[in-house]
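# Mind folding the following:
(2 chains)
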Amino acid sequence: MSVTAKRTARNGKAGIGGKGRLHPDHLIFLAFIAPNFLLLGLFTYWPMVYQSYLSLTRWDLISPIKQFVGLENYVVLFGGQEFQRVLFNTFYFTGTVLLGSIVLGLGLAVLLNQRLRGRNIVRSVVFAPVILSGAAIGLVWAYIFDPTYGLMRVVLGAIGLSSPSWLTDTKWAMPAIIIVYLWKNLGYAAIVYLAGLQNIPQDLYEAARVDGATPWQSFRNVTLPQLSPTTFFIVVTTILGSFQAFDIIAVMTKGGPVNATTTMVWYLYEEGFVAFRAGRAAAAAMILFVLMLAVTLVQVRYLQRRVHYS
Amino acid sequence: MDVTADEARSRPRGVQETQSRWAGLGSVMQYVLLLLTALVFIVPLFWMATASLKGLQEIYTFPPVWIPTQPKWENYPNAWNAAPFTRFYINTLITTFFGVGLEIVNAALTAYALVFLRFPGKNLIFIVLLAALMIPVQVTILPNYLTIAALGWLNTYQGIILPGASVAFTAFLLRQHFLTLPTALLEAARLEGAGHLQLLWRIVLPLSRPVLVTGILISVVAKWNDFLWPLIVTNRLNMRVLPIGLSYLFDREGNNQWGIIMAATIFVVMPIVILFIWAQRHIISGLIAGATKG
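Below you'll find the predicted structure:
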């Protein structure tokens, strides 16, 4: 009843259609959202519920019996060196990618914002790898990183360095993956920063100039603070994106050599679908989920604050 | 840095003399950086393209050959036949086409309902939709594999397509746009007896063409490149999709036929490259939509 009252009070559009207690809209509404919510329920929400349970069991994906083991999987994961290595790899990867995306992304954006001839072509070229297949990019770079015949040997040779055997060296495999991931995704950060730069009101720069600010000062005191929402957005999307990295690793190193490039998603893939330890994989997935949820919630809180104060 | 150039212009004349020499130097520096950036991004793509025409002796030589002296066009048919690429291509076309179609239909219906139809507790339903944004696909692969297996859908198109057929972000994107449409137009059509599907198809979607195109393009790119889910839900060679098919050509330990591998990567990325050249404005605006509107 109160719903009906509120409804008519809220929009004066009560004239469209009937006015019964069960509005004809209601059935249509349900019919329209049904397919989407059926799929979301089956393939997004239910999996999280079921996975929470699986993470408390020991199961090989085949046997009819799932043995309930409580928190054992989590204890084993956090206690074991293998998973600590995975966490370390994930943070090493994410941290470096994040730093690279911000510093190089902002630098590129500032450069591409100058009135330079050819900048539009360079913008396109910088952005193109973002939408190309990670598997294809991974293969191209596997060839570039070939220690004997690859392009990287030429580049390093030009500055007097010798090429490490990138993908088979435990020390160099992760930097190689990071370079490829950054190369592929840097265009995204650059274009987002570029949009941010173009949204800064020009009169702020005028004011800074009137006050006698040097270019560096106006960059520090106008550009950077004005870009802080953009930076925040890039921090969040870069963290979430790099937590999910998979195809480049799958194609180039398969998590190796000796776990050197095993990050969270590769680990949970291997535990689940290669080693058939469903409980362990489920627990790893839950940990990854919580990490990502934390990042998302920070973003939601930040956005709410911004809405309130603006 | 943009300030540098403007600043030089507005300086009193005496100062400008010395300043402009610096500004000139600055702009040379900028062009050097621009060129360097272009090289960093173009050279790997150029390397891929030229390597796809190299024979083995031009691959296995150092310093490398930049432009193949005798282009080996047969790398392309050889790559195509090195793995069942005809089948991979058909599979990817099918999963992309139906995946995108279902995703967009689902999103449009949901967004229409959320914006134009009445329902008690509609906001709660919207929040439930938003919550799905926080659950990335990577996290659900194990239980989803079990569901698809229980349905008997491993190695099927529906197994590859359906879990990705509802994307909360697309529904969200369309909803945000639908909210900006004038309701008067809809009400008039409604009074003339048009049904909701007609309204959606005849009025709402045509008025939303740019957002719709953006949504479709982003979805095409995501589905064409999808790697993890098709890898998990198929294990038969004839049900694999292109990105996974590519990885069959690469031998991590052995001597690789790079010419053939690069030819294969070319025909995997080519449709997306063409799409990008044709519609890059839409793709870019869609991908950064969250950034500027958030």
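# any idea how far residue B:152 is from residue B:159?
As judged by C-beta to C-beta, to the nearest Å, residue B:152 and residue B:159 stand 9 Å apart. (Each C-beta comes from the backbone N, C-alpha and C, glycine too.)
# what about those two, which has more around it?
Using other C-beta atoms under 10 Å in any protein chain shown, the more surrounded residue of residue B:152 and residue B:159 is residue B:159, with 24 against 9.
# May I ask which helix or strand encompasses that one?
Taking DSSP states H and E as the definition, one finds residue B:159 inside helix B:157-161.
# Which strands or helices does that helix pack on?
helix B:85-116, helix B:228-233 (3 or more C-beta pairs under 8 Å, 6 or more residues apart in numbering or on different chains; DSSP states H and E).
# Chain B - how does it break down into domains?
Domains of chain B are assigned by automatic domain parsing as B:2-51, B:83-248.
# of all those, which lies closest to residue A:122?
Between residue A:122 and the domains of chain B, the tightest spacing by C-beta to C-beta is seen for domain B:2-51, at 4.9 Å.
# returning to what we had before: would you turn the domains of chain B into JSON lines with distance to residue A:284 and mean pLDDT?
Formatted as JSON lines, the domains of chain B follow (distance: least, C-beta to C-beta, whole Å; pLDDT from 0 to 100):
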{"stretch": "domain B:2-51", "distance to residue A:284": "33", "mean pLDDT": "71"}
{"stretch": "domain B:83-248", "distance to residue A:284": "9", "mean pLDDT": "93"}
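# For residue A:89, which of the ones you listed is the nearest?
With C-beta to C-beta as the measure, domain B:83-248 is the member of the domains of chain B nearest residue A:89 (15.5 Å).
# Identify the spatial nearest neighbour of residue B:186, chain neighbours not counted.
Nearest residue to residue B:186, sequence neighbours excluded (C-beta to C-beta, 6 or more residues apart in numbering or on different chains): residue B:199, at 5.7 Å.
# for the host helix or strand of residue B:275, packing partners?
If you go by DSSP H and E, residue B:275 is part of helix B:258-287. Judged by 3+ C-beta pairs under 8 Å, 6+ apart, the packing partners of helix B:258-287 are helix A:119-127, helix A:134-144, helix A:173-198, helix B:13-51, helix B:56-59, helix B:75-82, helix B:209-225, helix B:242-247.
# Stretch A:32-52: which residues count as buried?
Neighbour counts over stretch A:32-52 (16 or more other C-beta atoms under 10 Å in any protein chain shown) mark A:32-33, A:35-37, A:39-40, A:42-45, A:47-48, A:50-51 as buried.
# swap in stretch B:99-119?
In terms of neighbour count (16+ other C-beta under 10 Å), stretch B:99-119 has its buried residues at B:99-100, B:102-104, B:106-119.
# what do you get for stretch A:143-161?
A:143, A:144, A:145, A:146, A:147, A:149, A:150, A:151, A:152, A:153.
# what mean pLDDT does the helix holding residue B:275 have?
For helix B:258-287, the mean per-residue pLDDT is 89.
# buried sites along it?
Quick answer for helix B:258-287 (16+ other C-beta under 10 Å): B:258-269, B:271-272, B:275-276, B:279-280, B:282-287.
# Same check on stretch B:161-175?
By 16+ other C-beta under 10 Å, the buried positions in stretch B:161-175 come out as B:161-175.
# Listing request: residues of chain A with sub-threshold pLDDT.
Within chain A, the segments meeting pLDDT under 70 span A:1-21, A:306-310.
# any idea how far the most centrally placed residue in it lies from residue A:93?
Centroid-nearest residue in chain A, with C-alpha atoms, centre = their mean: residue A:241, separated by 1.2 Å. Shown here: residue A:241 relative to residue A:93, a distance of 11 Å by C-beta to C-beta.
# What count of nearby residues applies to the residue nearest to residue B:186?
Applying other C-beta under 10 Å, I find that residue B:199 has 18 neighbouring residues.
# Looks like it contacts residue B:187 (just checking).
No. Look at residue B:199 against residue B:187 with C-beta atoms under 8 Å: they stay out of range, at 9.8 Å.
# So residue A:260, which state does it fall into?
Following DSSP: H, G, I helix; E, B strand; the rest coil, the label given to residue A:260 is coil.
# tell me the contacts of residue 142?
In the absence of a named chain, this looks at chain A. Contacts for residue A:142 (C-beta atoms under 8 Å, 6 or more residues apart in numbering or on different chains) come out as A:167, A:251, A:252, B:250, B:256.
# ah, I was thinking of chain B
With contact taken as C-beta under 8 Å, 6+ apart, residue B:142 is in contact with A:47, A:51, A:54, A:268, A:272, A:278, A:281, A:282, A:285.
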